[in-house]
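Asker: take a look and give me a structure for this.
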Amino acid sequence: MDANARSLPLLGRGRAHLASVGETYAQHMHFALAVGCLLVMAGIACLAHALLPGLFQDKASKAVARLHAAFERRAEAEPAFIAQSDAGGLLILLLLSFAVALMPWLGGADVGISASMSLLALGVPVAALRGAATGEDEDEEDLSSAPPALRAGAHARGRDMPAADIAIIGAGFSGTMLAAQLARAGGPRIALIECRDMPARGAAYATSHPNHLLNVRAARMSAWPDDPGHFARWLVERGLGGPYDFAPRRSYGVYLEEQLAAAKAAAGDRLSLITAEAVDVAGRAVLLDDGRRISADTIVLALGNLPGTAAGALASLPPGLYWPDPWRGGLVDGLGAEDTILLLGTGLTMIDTAIALADAGFAGRIVAASRRGLLPRSHEESQPPAVPHGYAPGLPLTRQLRAVRARAAAIGWRAAIDELRPSTNGLWQGASDEERARFLRHLRPWWDVHRHRVAPAIADRLRLLTVADRLIVRAGTLAGAEPRPEGGARVALRLRGSSYCDRFDVARIVDCTGPASDLTGTRLLRNLVAKGLIRPDPQRLGLDTDAAGTALAADGSPSHGLYALGPLTRGRAFEMTAVPELRVQAAALARALEARLAEVSAGT
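Answerer: This next block holds a predicted model:
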């Protein structure tokens, strides 16, 4: 019997064991490695305690308690429960110290010198272990049932950051305006966490390009639902435009920064702005990538649109050839008029990228490809405000579609889409899962290009690029991409409705497919899914939530104290990507959280 055959039973037992505990290989390895590190550390502490009883008097008992808790609540246990005491680093330090301690003995050095070096080498991990134990003593105090004020004082004494009533993860539009709404209330302590160094702007408004315009007129872009003309007045006061203009997105980013600054000034120390990446949630605490931890009674996920991930042939392409981030600078560096750039996607992200390429002086050819090759439609130069038509939820999708088409024939498709917008979420919630799936499969691409329109000036720019053959839009899917020795890649584009592949050379491939909905796209969401604290909605548009915005756990029960806001909630509220809807959602969640905090304070 060869080695491969002998290994099959072992592999089979391994698969069966993984299935029995409900974990992937990576999750199981991580958990087992953490347990092993903790056991090794506890053993070393016991040996040191045997020699020096003043050290590690309760280290072993605490290790046993942590192991018991981890195994009892394994599905919910923190994946890196051992990381709080830096077990992995200490174990590596211990192994290195043992190696250094053995070197003089193996080298035949004098006994006195060898003994001295061994004591010094082994003293380093013992000191580090003692420091870890001291830090753990501060962290392990049970404060779960203590009043918020007591918890805040205890965490302030430890190495954690001051406690907050509400921790908001993500400082794009949704997170910023939730913080601003809460700051108006005057009560809660808020921690606003953002991994970028430009809070308030998010991905949409971080651009510095003057020709990246808003897709909605200024009159409808107020950040405050109770003051619809707020942004338009702001724009006029600064001489940047009028209420019917499509303002530059960078101007809107400045506007949001000012709203956050005003909220910070009003709230003072009650609002903390934290630049770090939130990577996990453990109990009532947010864990940051720099090792800090923020305790909070309520945690809100306001992550905005999720990043996409490269698939297939793109994942193995060199970094300079495949660009997963179209917003990264230097896209045209080293390219000339004879080069071709392939943009994957034909939506709003592609339009931004094509405009930026043209303005940066790229004189080559731009090929944009998507499955249907549909481009976003344009707004009209002037269009009266829409009046809600009052579509009734609960009717079959086919009847709703016929009603919208009839209105479009009577008043024009733009007006028909706009008057439908206030009813969209009600229609979505009234549809069955089967109808939602049919809509996403067949109608969503057409809905997107009619609903998410571009400013007339942007449509004119695209038209000029197309007429000049500098922008070519194709309906097809990428079937392959192979790097060329002389640079660039040879791509194969399978045309829609055909088995034929058009093959051509490109200098760069840029992912412009726009927002993703995969919950494995960020470290934080991967950890929350692994713990069972969140789950995808049935259509996998984002998180599954209840009507109050509470995240639903893997078993469908509410994850109390964990909320979602913004595009993550598209599974329940499909129309949750633009400012007019996001501002209303942020205000509603702020009121709900204020009521919840009042109940907590009252002990109910």
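
Asker: count the neighbours of residue 474 for me.
Answerer: By the measure other CB atoms under 10 Å, the count of residues near residue 474 is 16. C-beta here means a position set from N, CA and C on the backbone, and glycine is covered the same way.

Asker: confirm it sits in a strand?
Answerer: Yes: counting by DSSP: H, G, I helix; E, B strand; the rest coil, residue 474 is located in a strand.

Asker: helix/strand/coil for the residue nearest to it when sequence neighbours are not counted?
Answerer: Distances taken as CB to CB, 6 or more residues apart in numbering put residue 369 closest to residue 474, at 4.5 Å, once the chain neighbours are dropped. Secondary structure, three-state DSSP: residue 369 is strand.

Asker: lowest confidence element among the helices and strands of this protein?
Answerer: The weakest-scoring helix or strand in the chain, judged by mean pLDDT, DSSP states H and E, is helix 148-157 (a mean of 33).

Asker: who is the residue nearest to residue 474 paired with across the strands?
Answerer: For residue 369, the beta-bridge partners are residue 344, residue 474 (DSSP bridges).

Asker: for it, what are its contacts?
Answerer: Neighbouring residues of residue 369 by CB atoms under 8 Å, 6 or more residues apart in numbering: 342-346, 473-478, 493.

Asker: and if we set it to 6 Å?
Answerer: For residue 369, the contact set (CB atoms under 6 Å, 6 or more residues apart in numbering) comprises 474, 476, 493.

Asker: got JSON lines for those residues, with distance to residue 237 and pLDDT too?
Answerer: JSON lines is the format used below for those (distance: CB to CB, whole Å; pLDDT from 0 to 100):
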{"residue": "474", "distance to residue 237": "45", "pLDDT": "96"}
{"residue": "476", "distance to residue 237": "48", "pLDDT": "94"}
{"residue": "493", "distance to residue 237": "49", "pLDDT": "94"}
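
Asker: between the residues you listed, which is nearest residue 499?
Answerer: Nearest to residue 499 among the contacts of residue 369: residue 476, at 11.2 Å, using CB to CB.

Asker: surely that closest one and residue 494 touch.
Answerer: Yes: at 5.4 Å, residue 476 counts as touching residue 494 under the criterion of CB atoms under 6 Å.

Asker: more neighbours: the two, which one.
Answerer: Legend: neighbour count by other CB under 10 Å for residue 476 and residue 494, higher for residue 476 (20 against 17).

Asker: re earlier: for the contacts of residue 369, which one is nearest residue 568?
Answerer: Nearest to residue 568, judged by CB to CB, of the contacts of residue 369 is residue 476 at 30.9 Å.

Asker: now that closest one: how far from residue 491?
Answerer: Residue 476 is 10 Å from residue 491, where distance means CB to CB, to the nearest Å.

Asker: then residue 32?
Answerer: Separation of residue 32 from residue 491 (CB to CB): 43 Å.

Asker: higher neighbour count, these two?
Answerer: More neighbours surround residue 491 than the other of residue 32 and residue 491, with 23 against 11 (other CB under 10 Å).

Asker: and the helix or strand hosting the more buried one, what does it pack against?
Answerer: Assigned by DSSP states H and E, residue 491 falls within strand 489-495. Under the contact definition 3 or more CB pairs under 6 Å, 6 or more residues apart in numbering; DSSP states H and E, strand 489-495 sits against strand 471-483, strand 501-506.

Asker: off-centre distance for the shortest one?
Answerer: Mean-position distance between strand 501-506 and its chain equals 34 Å (CA atoms, centre = their mean, to the nearest Å).

Asker: and whatever helix or strand comes next after that strand, which strands flank it?
Answerer: For strand 501-506, the succeeding helix or strand toward the C-terminus, using DSSP H and E, is strand 508-511. Taking DSSP bridges as the criterion, strand 508-511 forms sheet pairs with strand 322-323 (parallel), strand 340-344 (parallel).

Asker: now mean neighbour count and distance to residue 171 too, for those strands, in TSV please.
Answerer: Conversion of the strands paired with strand 508-511 to TSV gives the following (neighbours: other CB atoms under 10 Å; distance: least, CB to CB, whole Å):
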stretch	mean neighbour count	distance to residue 171
strand 322-323	22	25
strand 340-344	23	29
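
Asker: least confident of these, on average?
Answerer: Among those, strand 322-323 has the lowest mean pLDDT, at a mean of 91.

Asker: follow-up on the earlier one: need the strands paired with strand 508-511 in JSON lines (columns: distance to residue 463).
Answerer: As requested, those are exported to JSON lines (distance: least, CB to CB, whole Å):
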{"stretch": "strand 322-323", "distance to residue 463": "25"}
{"stretch": "strand 340-344", "distance to residue 463": "17"}
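
Asker: of all these, which one is nearest residue 260?
Answerer: Closest among these, using CB to CB: strand 322-323, at 30.2 Å.

Asker: low-confidence ranges, the stretch 501-604 of the chain, go.
Answerer: Across the stretch 501-604 of the chain, residues meeting the criterion (pLDDT under 70) sit at 603-604.

Asker: hmm, 90 instead?
Answerer: Within the stretch 501-604 of the chain, the segments meeting pLDDT under 90 span 513-522, 560, 573-577, 595-604.

Asker: try the stretch 201-350 of the chain
Answerer: 201-204, 206-211, 283-284, 305-320, 324-331, 334.

Asker: now the helices for it?
Answerer: Secondary structure of the stretch 201-350 of the chain (DSSP state H, counting those that start in this stretch): helices at 230-237, 249-267, 348-359.

Asker: got these as a markdown table, with distance to residue 184 and mean neighbour count columns?
Answerer: A markdown table is the format used below for those (distance: least, CB to CB, whole Å; neighbours: other CB atoms under 10 Å):
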| stretch | distance to residue 184 | mean neighbour count |
| --- | --- | --- |
| helix 230-237 | 13 | 18 |
| helix 249-267 | 7 | 19 |
| helix 348-359 | 32 | 22 |
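
Asker: any chance of the ones you listed in TSV, plus distance to residue 337?
Answerer: Formatted as TSV, those follow (distance: least, CB to CB, whole Å):
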stretch	distance to residue 337
helix 230-237	38
helix 249-267	29
helix 348-359	12
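
Asker: which of these sits closest to residue 205?
Answerer: Here helix 249-267 is closest among the helices of the stretch 201-350 of the chain (CB to CB), at 3.5 Å.

Asker: what is the closest one packed up against?
Answerer: Right, helix 249-267 is packed against helix 173-185 by 3+ CB pairs under 6 Å, 6+ apart.
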